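A.B. asks: Pasting the sequence and the predicted coordinates here, then a few questions.
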Amino acid sequence: MKKNNPSEAFIRQDGNELIFDNLKSPKVVSEFVEIINSSLNSYNKHLILNFKGVTAAFPNVCVPITGIIENVSSRGINFEFYYLSEYLKKLSIKQPLQVQDNRDLAKNASLDKVWRFDSADDIYMLINSFVDELSRIIVCEKGVLEGFEWSINEVLDNVLQHSGKNFGYVMGQVHPTTKHFVFCVYDTGQGIYNSLLSSIHKPQNPAEALKLAVKEGVTRDKKIGQGNGLWGLHQIVSENTGKLSIISGSACYNLINHKSTVFGNIPQLAYDNGCIVDFQIDYSKEISISKALGGYEPVNFKIESLEDNYGNITIELHSKESGVGTRKSGEKIRNELINVYKQSNKIITLDFENINIISSSFADELIGKLVTEFGFYGFNNIFKLRNMNANVQSIVQRSVAQRMMESFNGGDSKKDVPGDK
Ligand SMILES: Nc1ncnc2c1ncn2[C@@H]1O[C@H](COP(=O)(O)OP(=O)(O)O)[C@@H](O)[C@H]1O
Ligand SMILES: [Mg+2]
């Protein structure tokens, strides 16, 4: 086993205490795996994980670490945790959150958490929550949310279909300053090499298996799959100039800036190969799914479900759980509306039925900022306002007037791009 030079190590070891300085480089996972392998062979099966120095935690590290902790806990290693920040506590690094036990959390705050999924139902619920949450907190260019939804579905389904285990782990995170979101999926199953070994493709080694798996039409069994999933993800990420990393067994496949590299010799757990799929999407860059997937355009069920029989889209404000009283809620609904518009290109009716009063800050955040974002003419062409009572009308009137005045006077409302905070 390769030993780390202690001065370069990402995890410093002091007896059975492991001191983490960051949770953002995949090398942390490799070092953790090596330490776990030696603990499995040693008498001392107690490890202290000290997170005192951790200032950043990314999914490609948190997801595998949490999954490994859960799995080796059942093999006799026990863990103690020092200095878990509020962020790491919420992220649930000690033990992944089970979807069925945390349905409300999954629905309302699914990002920045490590989830364990155990069924197709869990996957369905998580994906809906991820897409809804993304569309509330950031404005995504056309095709991004659909491309993401298609991709994450494929990757999570692969775990159930091919890993030989019926569970896996996933976490998503938004990086607003660079306008990216990142998702990482991990399973502790047989790995891509083993799953392809008995197929007609017969890869020579784990690295070759990864190169094969991202090719169009490569599947371990044509009766079960079509070989579109990893190929499609690769295409979508490549078109978006995002990043993709697949680590399975001892091999790693990286795609960055349209260029791919493959290398081996990654430390792996003694008892299984597993698979990590980690991808990053630039949400300020349009994705053409039909271009990425060679003409195939998946149906956008989310948009379809918003349409009536005539194909018109109506959003009923009274059904919004975040309410009509706060600036935060106005911002979420505004982001959602812009995302729906970017995906559908259709007129959107905002229905105020059963709304007696709204706060001025909500009106400003929702309507005022939409008017400045799209311009008065653009707003009128895209949005129709219905069923506003006189009180609501005057509140909206006032906030829109103020907002327009501010932008007219050279205010910096243009900088106030939705979701940028
Ligand atoms: N999590 C995984 N564990 C093991 N093997 C996997 C995993 N994900 C993908 N694979 C392997 O990669 C192949 C290609 O996957 P994919 O492109 O999604 O096609 P399909 O699922 O239609 O077979 C699968 O057939 C399987 O052999
Ligand atoms: Mg698949």
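C.D. replies: Happy to help now that I have it. Numbering: from 1, shown residues only. Ligands and ions are numbered 1, 2, ... in the order given.
A.B. asks: out of everything not next to it in sequence, what's closest to Ala57?
C.D. replies: Leu23 (3.9 Å; CB to CB, 6 or more residues apart in numbering). C-betas here are computed from N, CA, C, even on glycine.
A.B. asks: would you list every one of the helices in the stretch 201-350 of the chain?
C.D. replies: For the stretch 201-350 of the chain, helices defined by DSSP state H, counting those that start in this stretch occupy the ranges 206-213, 229-239, 289-292, 301-306, 327-344.
A.B. asks: So for ligand 2, which of those helices sits nearest?
C.D. replies: Ranking the helices of the stretch 201-350 of the chain by proximity to ligand 2 (CB to the ion) places helix 229-239 first, at 2.9 Å.
A.B. asks: In terms of secondary structure, what does the closest one contact?
C.D. replies: On a contact count with 3 or more CB pairs under 8 Å, 6 or more residues apart in numbering; DSSP states H and E, helix 229-239 meets helix 144-162, strand 243-248, strand 251-256, strand 275-282, helix 289-292.
A.B. asks: And these: which comes nearest ligand 2?
C.D. replies: Taking CB to the ion, helix 144-162 is the member of these nearest to ligand 2, at 4.4 Å.
A.B. asks: and this protein, which residues reach ligand 1?
C.D. replies: The chain comes close to ligand 1 at residues 154, 158-159, 161-163, 187, 189-192, 195-196, 213, 218-220, 225-231, 275, as judged by CB under 6 Å from any ligand atom.
A.B. asks: and those, which are buried?
C.D. replies: Listed as buried from the residues of the chain next to ligand 1 are 154, 158-159, 161-163, 187, 189-192, 195-196, 213, 218-220, 225, 227-231, 275; burial here means 16 or more other CB atoms under 10 Å.
A.B. asks: what about the closest residue in space to Lys179 that isn't next to it in sequence, neighbour count?
C.D. replies: In space, and not counting its chain neighbours, Lys179 is closest to Ser284: 4.2 Å by CB to CB, 6+ apart. Counted with other CB atoms under 10 Å, the neighbours of Ser284 add up to 15.
A.B. asks: Against ligand 2, how distant is Ser284?
C.D. replies: Per CB to the ion, to the nearest Å, Ser284 is found 28 Å from ligand 2.
A.B. asks: ok, now Tyr310?
C.D. replies: Following CB to the ion, the distance that separates Tyr310 from ligand 2 is 36 Å.
A.B. asks: By mean pLDDT, point me to the weakest helix or strand of the protein.
C.D. replies: Ranked by mean pLDDT, DSSP states H and E, the helix or strand of the chain with the weakest confidence is helix 301-306, at a mean of 79.
A.B. asks: Give me the residues contacting that one.
C.D. replies: Helix 301-306 is contacted by residues Val131, Leu145, Glu149, Ile313, Thr314, Ile315, Val340, Gln343, Ser344 when judged by CB atoms under 8 Å, 6 or more residues apart in numbering.
A.B. asks: So among those residues, which ones count as buried?
C.D. replies: Taking 16+ other CB under 10 Å as the criterion, what is buried in the contacts of helix 301-306 is Val131, Leu145, Glu149, Ile313, Ile315, Val340, Gln343, Ser344.
A.B. asks: circling back: just confirm the residue nearest to Lys179 contacts Glu141, I think it does.
C.D. replies: Yes. At 5.9 Å, Ser284 counts as touching Glu141 under the criterion of CB atoms under 8 Å.
A.B. asks: so where's this structure uncertain?
C.D. replies: Within the chain, the stretches with pLDDT under 70 are 1-7, 410-421.
A.B. asks: domains of it?
C.D. replies: Domains of the chain are assigned by automatic domain parsing as 1-88, 96-298, 301-415.
A.B. asks: now the first one, how far from the centre of its chain.
C.D. replies: What that stands for is domain 1-88. For domain 1-88, the gap between its own C-alpha mean and the chain's C-alpha mean amounts to 23 Å (CA atoms, centre = their mean, to the nearest Å).
A.B. asks: now do the last one
C.D. replies: Here the centre of domain 301-415 is set off from its chain's centre by 26 Å, with CA atoms, centre = their mean.
A.B. asks: try stretch 251-269
C.D. replies: The chain centroid and the centroid of stretch 251-269 are separated by 21 Å under CA atoms, centre = their mean.
A.B. asks: Also stretch 275-287?
C.D. replies: Computed by CA atoms, centre = their mean, the chain-centroid distance of stretch 275-287 equals 8 Å.
A.B. asks: how about it: buried residues?
C.D. replies: Within stretch 275-287, the residues that count as buried by 16+ other CB under 10 Å are Cys275, Ile276, Val277, Asp278, Phe279, Gln280, Ile281, Asp282, Tyr283, Lys285, Ile287.
A.B. asks: Farthest-apart pair in those, please.
C.D. replies: Greatest spatial distance among these (CB to CB): Cys275 and Lys285, at 26.9 Å.
A.B. asks: which SS state does the residue sitting nearest the centre point of the chain fall under?
C.D. replies: The C-alpha lying nearest the average C-alpha coordinate of the chain belongs to Gly172 (CA atoms, centre = their mean; 3.2 Å). What DSSP: H, G, I helix; E, B strand; the rest coil gives for Gly172 is strand.
A.B. asks: Val182 is in contact with that one, correct?
C.D. replies: Yes. Using CB under 8 Å, Gly172 is in contact with Val182, at 6.9 Å.
A.B. asks: what do those two both touch?
C.D. replies: In contact with both Gly172 and Val182: Pro59, using CB under 8 Å, 6+ apart.
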